[in-house]
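Trainee: What follows is a protein structure lacking sequence information:
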Ligand code: COA
């Protein structure tokens with residue numbers, strides 16, 4: 001028996017306020033029809049004033065712990081692009097609010113690939129024996145970094161959080177994280193970026209440029225690079241696991257755009273109906289997108305015990321990654 005990290009709980013949390021495409025079309029030069037056909041998104045959830053990433057992370061974390069039937073974890077990792085503050089990290093506050101006193105807690109920043117980066121760190125902590133139970137959270141108050149006047153980003157992103165609890169188990173058990181593949185290419189840093197707020201802006205001196213406060217993306221370039229990298233990475237991890245593409249029961253890809261997800265499935269030769277989709281209801285929630293999709297698909301039965309699951313993501317950095325796992329018997333928290 002080989003020691004492995006096994007998924008023991010899953011939970012999602014979205015803020016209450018729903019913003020429809022029609023609501024966006026009232027203030028931006030866009031339409032419900034454009035957004036639906038180009039992205040697959042119908043609505044998204046957005047935080048109210050005063051609600052932050054840690055609030056969403058705590059909501060998802062509580063549900064994942066409940067789903068696992070425990071109130072304990074000995075490591076907390078929060079993947080986010082929208083930390084409550086540039087300093088300190090958001091994870092210690094999340095751990096404390098979950099009642100996880102004195103445990104190590106840190107953030108991971110890999111934008112839309114953040115959850116998979118955090119999953120690898122969490123799974124490696126379990127397999128190495130550093131931790132017995134790890135709470136891995138993806139959480140974003142993404143609306144807080146969007147330029148409300150930019151129709152190319154405002155229609156795509158939404159707020160939310162998802163979490164899983166990993167426990168020590170064996171590779172042979174349902175729920176085991178089997179294999180992972182991660183990659184990055186820093187020459188693509190400008191493809192997806194918030195220029196301001198970091199050392200680059202402060203060391204330059206002078207007044208901050210207002211436009212540098214906001215998230216910017218070269219959507220068309222991201223589209224093609226995301227499809228290529230997710231397909232490549234998926235093939236790599238499938239080969240590591242010894243699975244054929246046809247062995248995959250469910251593709252849970254980063255919910256970037258329905259067209260991107262279907263293009264990845266097509267490049268892999270996977271029937272599109274094996275792709276799990278919740279983007280229509282939540283939009284692109286960046287680091288939260290994969291765990292939120294896992295929670296929603298568990299709740300509605302799309303994802304069931306015994307399914308062989310392929311996870312894949314692409315995000316700013318550029319970063320990308322994939323994972324293979326089997327789905328356990330679980331109830332979403
Ligand atoms: N409403 C109406 N028209 C819009 C629009 C909107 N919200 N946003 C862009 N357009 C316009 C563009 O200005 C362009 O007009 P033009 O042809 O007159 O120049 C036209 O629609 C087509 O733009 P294009 O960028 O080619 O559209 P697209 O089909 O590539 O879709 C995205 C744009 C952003 C939806 C798409 O590129 C995408 O999803 N990219 C990946 C985004 C992503 O998921 N990033 C997160 C990290 S993975």
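Mentor: Cool, the structure landed. Here the structure is a predicted model, which means the values were calculated and not measured. Residues are numbered from 1 along each chain as shown.

Trainee: Please name the residues that touch the residue nearest to residue 267 when sequence neighbours are not counted.
Mentor: The shortest distance from residue 267 to any non-neighbouring residue, by CB to CB, 6 or more residues apart in numbering, is to residue 231 (4.0 Å). Using the backbone N, CA and C atoms, a C-beta is placed for each residue, glycine as well. Residue 231 makes contact with 264, 267-268, according to CB atoms under 8 Å, 6 or more residues apart in numbering.

Trainee: in a helix, that's where residue 231 is, yeah?
Mentor: Yes: judged by DSSP: H, G, I helix; E, B strand; the rest coil, residue 231 forms part of a helix.

Trainee: Now do the strands in the stretch 51-200 of the chain.
Mentor: 75-79, 105-108, 133-140, 160-170, 177-184, 192-194 (DSSP state E, counting those that start in this stretch).

Trainee: Do the third one and the ligand come into contact?
Mentor: No: under the criterion of CB under 6 Å from any ligand atom, strand 133-140 makes no contact with the ligand; the nearest approach is 11.6 Å.

Trainee: Adjacent strands (with direction) for that strand?
Mentor: Counting by DSSP bridges, the strands paired with strand 133-140 are strand 75-79 (parallel), strand 160-170 (antiparallel).

Trainee: which one of the ones you listed is the most hemmed in?
Mentor: Across the strands paired with strand 133-140, the average number of neighbours (mean count of other CB atoms under 10 Å) peaks for strand 75-79, which reaches a mean of 30.

Trainee: Check the model's average confidence along stretch 78-94 for me.
Mentor: Averaging pLDDT along stretch 78-94 gives 98.

Trainee: ditto for stretch 136-149
Mentor: Here the average pLDDT along stretch 136-149 is 98.

Trainee: distance of residue 141 from residue 187?
Mentor: 29 Å (CB to CB, to the nearest Å).

Trainee: quick one: which of those two has more around it?
Mentor: residue 141 (26 against 8; other CB atoms under 10 Å).

Trainee: residue contacts, the more buried one?
Mentor: For residue 141, the contact set (CB under 8 Å, 6+ apart) comprises 47, 51-53, 56, 82, 159.
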